[in-house]
Every structure is written in C-alpha cells, then in structure tokens.
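1. Got a sequence here, can you model it:
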Amino acid sequence: MTHDESNYLLDSLDGIEGLTDFDAADYLTSPEAIAVYVNDVISSGNSSLMKEALKNVLRAKGVANIAEQAGLTREGVYKALRPSSKPQWDTIRSLLAALGLEVRVVPVGTNGDKGYVLAA
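-> Purely as a prediction, here's the structure:
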C-alpha cells in the first residue's frame, strides 16, 4: 500500500474533530507568560520572529489599547510590525513599555547564558 504524502501536509486543522490551530495569543494571559515568550524569541536572534511575537502579544492584550498607550496609531503598529519593516527602536521600546515590559542588558553569564533580561 502506498501513501500520498500530500495527504499529511496540514496548513490548517480545520475539519479535524477535536483539534484547532494553535494561537500563541491564547496563552499570553499574564505578564510573566508574555515575558517568557518574548525572551525566548529574543534569544533566537530572528527579527522576523520577534515582530510576529509582538503581534501575538498585541493581539492578546488588544492592539488598539496598547497602540494608544504607546502613543502610536493601530495602523502604525501594524505597519511597523509587517514582515518587510525595520521598526525603529523607539517604536519597539514604546510598545514594550505599553505592555508593561522593559529590556535590561546584563553581563553574559549573570542570567543563565542568554545575557539579557526582559522584565515584566
């Protein structure tokens, strides 16, 4: 019996009983969870992944509310975090501050092997 591998490629879990697509925003329910998530993404060094993570956090907390607290428009936030963008540090810092987060730099080795702390 041969199997067509294309039958096993899933772009979505729609229609599979009992399964739903994973949405990180559903699990970002506390400042601690958000800090752990964002710290993990920072450690990847992948700016595209960081923008996606910030979008997930913003969706979990409410984009319009966080944008307003950051002094940005909702549209400006989406523009800053689109895949082709290169957001300014002030934009990222403002969004993190509105989320109740801050970035701190510490000597390597004082916080595990990461060399950074993102505090909630």
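
2. so where's this protein shaky on pLDDT?
-> The chain contains residues with pLDDT under 70 at 1-15, 110-120.

3. What ranges does it have for its strands?
-> Counting by DSSP state E, one finds strands in the chain at the ranges 102-105, 116-119.

4. Point to the residue nearest the middle of the protein.
-> Centroid-nearest residue in the chain, with C-alpha atoms, centre = their mean: residue 53, separated by 1.3 Å.

5. Could you give the number of residues near the closest residue to that one other than its chain neighbours?
-> Spatial nearest neighbour of residue 53, chain neighbours left out: residue 41 (4.1 Å); criterion: C-beta to C-beta, 6 or more residues apart in numbering. Quick note: C-beta positions are derived from backbone N, CA and C, even for glycine. Neighbours of residue 41 under the rule other C-beta atoms under 10 Å: 21.

6. Check the gap between residue 41 and residue 52 for me.
-> Residue 41 sits 8 Å away from residue 52, taking C-beta to C-beta, to the nearest Å as the criterion.

7. can I assume residue 79 is in contact with residue 91?
-> No - Residue 79 is beyond contact range of residue 91, at 9.7 Å (criterion: C-beta atoms under 8 Å).

8. okay, the two: which has more neighbours?
-> residue 91 (19 against 14).

9. if you skip the residues just before and after it, what's nearest to the more buried one?
-> residue 80 (4.9 Å).
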